[in-house]
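Visitor: Here you go, sequence then predicted model.
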Amino acid sequence: MRQRSMSAMTSRDRVRAAMRRQPVDHLPLCVEALGHGFVRFVTEHIPSPLERADYYAGLGLDAAVCLEEAIGQPETSPDVQVRAWREQPAGEPYPLLCKEYRTAKGSLRQVVARTEDYEHDYFSRGRESLDLFSDYHVPAHRSRQYLVGKESDLDVLASLLRPLNSAALAAYREKARQAGEFCDRRQLTLSVYQLGVGDPIIWMSGVERTLAMALEEKDVFRRYVGIVAAWQRQALEIALDAGARHVVRRGIYESTDFWSPGLFEEFLFDPLREETALAHQAGATVDYAMLSGHMPLLDLIRGAGIDMLSNLDPEAHGTDLRATRAAIGDAVALCGGVNNYHVLERGSEEDVRSAVRQAIEVFTPPTGCILAPSDCVLSYDDAALAERNFQVMIEAWRGH
């Protein structure tokens, strides 16, 4: 049964206590804005993040409001000319979506095949114009030309990754002010989403080219990392100054699914530690979102000083939640525990109840733990099933 002696805790107090590994009145359940991920059918029915927070709070969940990353968009910069087009070369089985960014330093171009699954990709939604960053671009069988592939591209990249312009900055601050006032009234957490370093680099260069640079062109790659890390720190400074008090920092492409522990320590550890220190100076907590491949990095994750490791998936290859808690639970809070795809999107009611029960067993006592889906609940196949399983997850959590 849930502990009741501290039932006066607000959601903000409970979440902050969980991340600081202090006693809580009960195990928190959160599905958005504290770690990476969201519930698609809720987001589509309730587009406003403030109204969604109210909806989740009404269900008894610990809700939060997440600001978007404070980064400038090339399309809005007067110093960048953007051209997008579609072509169908002879012998190419798929139409190619192309996008070029022209700056005073030169041009960068993306070319991505519009394969059959593009129509069904939730984030691209079948659009004809490519996003600057997308998981869809990563596989080599889709990308015909990555945005960044050689040393000379870095000067152009540095002029492309720009801060918010003055008008966008003013709008961002106003949006953050409104969200902050809402969170203060509801005693909820105001967070910000940060792209990190490894994720943008793999989006821009693909896995193979990224690792080739890290292994064979270390000075070039160190500069590449430095450009992205400086851009991300600048975005974080803006968000913290605007009032964000929790940082959801992506590390999905920073795991040992892609990097050896040695390469992680050489290139990715310092940016993570520096962003964490910056957030802590502002009184904010830091979540590091990594879906899998974290086990060999536990000592480094502890050393980076983060407050929480999220998106823990008990079904991910090599993941052991008990071993993770035993290794770093005294220093790092843990968030996740319920598989999103096999359990919440496709599982039976008993699958969901069993998954919640097993996660709660690991997260007992609840100090330093937050129950959550391991990733986005997108429900491509059966939205009604995912909606039912979402409710079953909440019921199982309430009844523990």
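Guide: Cool, got the structure.

Visitor: three-state assignment of the residue in the chain sticking out farthest from the centre?
Guide: Most distant from the centre of the chain: residue 90, at 38.4 Å, with distances by CA atoms, centre = their mean. Secondary structure, DSSP: H, G, I helix; E, B strand; the rest coil: residue 90 is coil.

Visitor: before we move on, what about residue 172?
Guide: The assignment at residue 172 comes out as helix when based on three-state DSSP.

Visitor: give me the number of residues near it?
Guide: When neighbours are defined as other CB atoms under 10 Å, residue 172 has 20 of them. Using the backbone N, CA and C atoms, a C-beta is placed for each residue, glycine as well.

Visitor: Residue 326 now?
Guide: 11.

Visitor: again, but for residue 150
Guide: Neighbour number of residue 150 under other CB under 10 Å is 11.

Visitor: List the contacts of the closest residue to residue 345 other than its chain neighbours.
Guide: Excluding its sequence neighbours, the residue lying closest to residue 345 (CB to CB, 6 or more residues apart in numbering) is residue 386, at 4.9 Å. Residue 386 sits next to 40, 41, 344, 345, 377, 379 when contact means CB atoms under 8 Å, 6 or more residues apart in numbering.

Visitor: and if we set it to 6 Å?
Guide: 345, 377, 379 (CB atoms under 6 Å, 6 or more residues apart in numbering).

Visitor: Got phi/psi on the residue farthest from the centre of the chain?
Guide: phi -60, psi 140 (degrees, to the nearest 10).

Visitor: So for it, what's the pLDDT?
Guide: Here the pLDDT value assigned to residue 90 is 94.

Visitor: What distance do you get for it to residue 147?
Guide: Residue 90 is 25 Å from residue 147, where distance means CB to CB, to the nearest Å.

Visitor: before we move on, what about residue 340?
Guide: Going from residue 340 to residue 147 by CB to CB gives 29 Å.

Visitor: Ok, residue 26 next?
Guide: Counting by CB to CB - residue 26 and residue 147 are separated by 46 Å.

Visitor: same check, this time on residue 157
Guide: Look at residue 157 and residue 147: by CB to CB, they are 8 Å apart.

Visitor: Looking at the two now, which is surrounded by more residues?
Guide: residue 147 (25 against 22).

Visitor: Got the phi and psi for the nearest residue to the more buried one once chain neighbours are set aside?
Guide: Excluding the flanking residues, the one nearest residue 147 by CB to CB, 6+ apart is residue 204, at 4.3 Å. Main-chain torsions, residue 204, degrees, to the nearest 10: phi -80, psi -20.

Visitor: So which residues of the protein form helices?
Guide: Remark: helices assigned in the chain by DSSP state H are 11-19, 40-45, 49-58, 153-160, 166-186, 198-216, 218-241, 261-263, 269-281, 298-304, 321-328, 349-362, 383-398.

Visitor: JSON lines for these, including mean pLDDT and distance to residue 80?
Guide: Formatted as JSON lines, the helices of the chain follow (pLDDT from 0 to 100; distance: least, CB to CB, whole Å):
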{"stretch": "helix 11-19", "mean pLDDT": "98", "distance to residue 80": "38"}
{"stretch": "helix 40-45", "mean pLDDT": "96", "distance to residue 80": "30"}
{"stretch": "helix 49-58", "mean pLDDT": "98", "distance to residue 80": "28"}
{"stretch": "helix 153-160", "mean pLDDT": "97", "distance to residue 80": "6"}
{"stretch": "helix 166-186", "mean pLDDT": "98", "distance to residue 80": "14"}
{"stretch": "helix 198-216", "mean pLDDT": "99", "distance to residue 80": "15"}
{"stretch": "helix 218-241", "mean pLDDT": "99", "distance to residue 80": "14"}
{"stretch": "helix 261-263", "mean pLDDT": "99", "distance to residue 80": "31"}
{"stretch": "helix 269-281", "mean pLDDT": "99", "distance to residue 80": "24"}
{"stretch": "helix 298-304", "mean pLDDT": "99", "distance to residue 80": "33"}
{"stretch": "helix 321-328", "mean pLDDT": "98", "distance to residue 80": "42"}
{"stretch": "helix 349-362", "mean pLDDT": "99", "distance to residue 80": "45"}
{"stretch": "helix 383-398", "mean pLDDT": "97", "distance to residue 80": "38"}
